[in-house]
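Asks: Need coordinates for the following:
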Amino acid sequence: MNFPYKGGKANLKNYLSLKNGTDVRGTAIAAENDPATLTEEAVKAIGMAFCVWMQREHGLTGATVAIGHDSRLSCGDIQDWLAETITSCGSDVILTGLSSTPSMFMLLQDDFGAQASIMITASHLPYRKNGLKFFLKDGGLEGQDIEKILTIAETETFVEADGKGSVAKRPYLQKYAADLVEKVRRETGKKEPLKGKKILVDAGNGAGGFYVDLVLKPLGADTEGSQFLEPDGSFPNHIPNPENETAMDSVCSAVKEHHADFGIIFDTDVDRAGAVSKSGEEINRNRLIALISAILLEEKAGATIVTDSVTSDGLTQFIERRGGIHHRFKRGYKNVINESKRLNAEGQYSPLAIETSGHAALKENYFLDDGAYLVTRLLIALAKKGDLDEMIADLPEPIEAEEIRIKFKPNADFKTLGANVLADFMEYVKATPYLSVAPSNYEGVRANFDLAHGNGWALLRMSLHEPIMPLNLESNSVGGTAAMKQELYGFLKKYDFLETDPLK
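Replies: Model prediction:
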């Protein structure tokens, strides 16, 4: 199916509303009840503001900017708008074409000739959405940087620029992939260490299809059964998202059908990944964290593994049995990365920051969340050991686990109300004999339930960006999550601004 893309006139100048954590995100292709917000006017204003911000904050005047994109339908227009604006500021532009988000950072570490880069992507969001990620040599921009750029775009008036920067086309993805190949060969001591292994990739028609021809085949792998490698911004087969059930079922089925030794699934811009064992079982969330943790702890015991807040107690036991420390922190990949960086700066060795979403950043790789680098690390272990299933065979799995997203009713002051709910819940947990507050919790309220009342834990927290209170539950008993939901419904039903029906 083909969705024609048409740019539109901006319907707002509230550019701060386009801030999404450390990214810019908006609607690029309008639909009924969802007008375009990432329009030509908006993109050009943000591009101009980025140039102004680089000059003010970093003294970068006339910096060469590399621009890459994933497979989305709207990327071509957005690329052209950015190039036109940035060259009008006197900066040169290098168009890298189809790219992964990690490659747009790595080219700044290479002799590529750029001092900044922009990746056009909205990760796993639907095809009508798009966005911008910004990088300098020392890393991706933080949330406060994005806020400054959008404030400049929103509040300042720009005179018509008359710069004469140039535009060149030069891909980088091939060099990025060649570096991964070289790493595997160096670590294994073999030119084709994956010879005899069948490894398939599901790219979901995003940007990750390059991994088959540029990484796996040079390493000797049989890639029969790989699917949805061709870039197609309408995402006709499934959403490119390792957390999506349909996407994960698709790659698991392919592994079983083709009797593959290993399966890989990428998100649209390849900063996240999931995997599948030879049995067709997904290696995702806690299992993925356990696998890469086991590999790193074999190399150096005593390491601290930083994860987001919703990881399981079984994962904690798994890491501790291998001489490691499990440090649960907040949701948000930038949060876990910055926490791991902080620990290292204080002298506590932390080689990995990873979310259950598949965002994984290794200290050895600039703390860059890079799905291709993560699976390359797994493939090195596969080449050496022949089988990865045994490495996580003793991971304790909960009997039941689920997430419920409790919405606020429209027009509620959800940030204030949510904070009040969490404060009340904390007191409720402390006052209830069969509940206890989990130690070392950095986000929301994590309550432990005793054996008779659920035999597990529940984490109630605020969403990072949406008017939602996610509730994560995990139990080691059949019916345990139902018992905990009943308890939590009894507590939450008194708040008339919450839609608590999913707990009934």
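Asks: Figure out how far the host helix or strand of N448 is from the centre of its chain.
Replies: Using DSSP states H and E, the element containing N448 is strand 445-449. With C-alpha atoms, centre = their mean, to the nearest Å as the basis, strand 445-449 stands 26 Å off its chain's centre.
Asks: what's the answer for stretch 143-162, then?
Replies: For stretch 143-162, the distance to the chain centre is 26 Å (C-alpha atoms, centre = their mean).
Asks: now stretch 386-401
Replies: 23 Å.
Asks: what about D267, distance to G206?
Replies: 7 Å (C-beta to C-beta, to the nearest Å). Any C-beta I mention is one placed from the backbone N, CA and C, and that applies to glycine too.
Asks: quick revisit: strand partners of the strand holding N448, parallel vs antiparallel please.
Replies: strand 435-437 (antiparallel), strand 456-460 (antiparallel) (DSSP bridges).
Asks: how about CSV for the ones you listed, with mean pLDDT, mean neighbour count and distance to K169 added?
Replies: Listed next are the strands paired with strand 445-449 as CSV, based on pLDDT from 0 to 100; neighbours: other C-beta atoms under 10 Å; distance: least, C-beta to C-beta, whole Å:
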stretch, mean pLDDT, mean neighbour count, distance to K169
strand 435-437, 97, 16, 56
strand 456-460, 97, 24, 47
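Asks: which stretch among the ones you listed comes nearest K415?
Replies: Between K415 and the strands paired with strand 445-449, the shortest gap by C-beta to C-beta is with strand 456-460, which sits at 15.0 Å.
Asks: Can I get that closest one as PDB, trimmed to CA atoms?
Replies: The C-alpha coordinates for strand 456-460 follow below in PDB (Å, rounded to 0.1, in the frame of the first residue of the first chain):
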ATOM      1  CA  GLY A 456       5.100 -10.700  43.900                       C
ATOM      2  CA  TRP A 457       5.400  -7.000  43.300                       C
ATOM      3  CA  ALA A 458       3.600  -4.100  41.800                       C
ATOM      4  CA  LEU A 459       5.100  -0.900  40.500                       C
ATOM      5  CA  LEU A 460       2.900   2.100  40.100                       C
END
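Asks: My understanding was that H359 contacts D271; is that so?
Replies: Yes - between H359 and D271 there is a contact at 6.7 Å, judged by C-beta atoms under 8 Å.
Asks: what sits in contact with each of these two?
Replies: Here H359 and D271 share the contacting residues D369, scored by C-beta atoms under 8 Å, 6 or more residues apart in numbering.
Asks: For these two, indicate the residue with more neighbours.
Replies: Comparing H359 with D271 by other C-beta atoms under 10 Å, the one with more neighbours is D271, at 31 against 24.
Asks: That one: what's it in contact with?
Replies: Counted by C-beta under 8 Å, 6+ apart, D271 has contacts S100, T101, P102, S123, H359, D369, D370, G371.
Asks: now it, nearest residue through space, not along the chain?
Replies: T101 (4.5 Å; C-beta to C-beta, 6 or more residues apart in numbering).
Asks: List the residues that contact that neighbour.
Replies: By C-beta under 8 Å, 6+ apart, the neighbours of T101 are D70, M119, T121, K133, D269, V270, D271.
Asks: Secondary structure added to those, as a markdown table?
Replies: Putting these into a markdown table (DSSP: H, G, I helix; E, B strand; the rest coil) gives the following:
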| residue | secondary structure |
| --- | --- |
| D70 | coil |
| M119 | strand |
| T121 | coil |
| K133 | strand |
| D269 | coil |
| V270 | coil |
| D271 | coil |
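Asks: Would you mind checking which of the residues you listed is nearest to S440?
Replies: For the contacts of T101, the nearest to S440 is D271 (27.7 Å; C-beta to C-beta).
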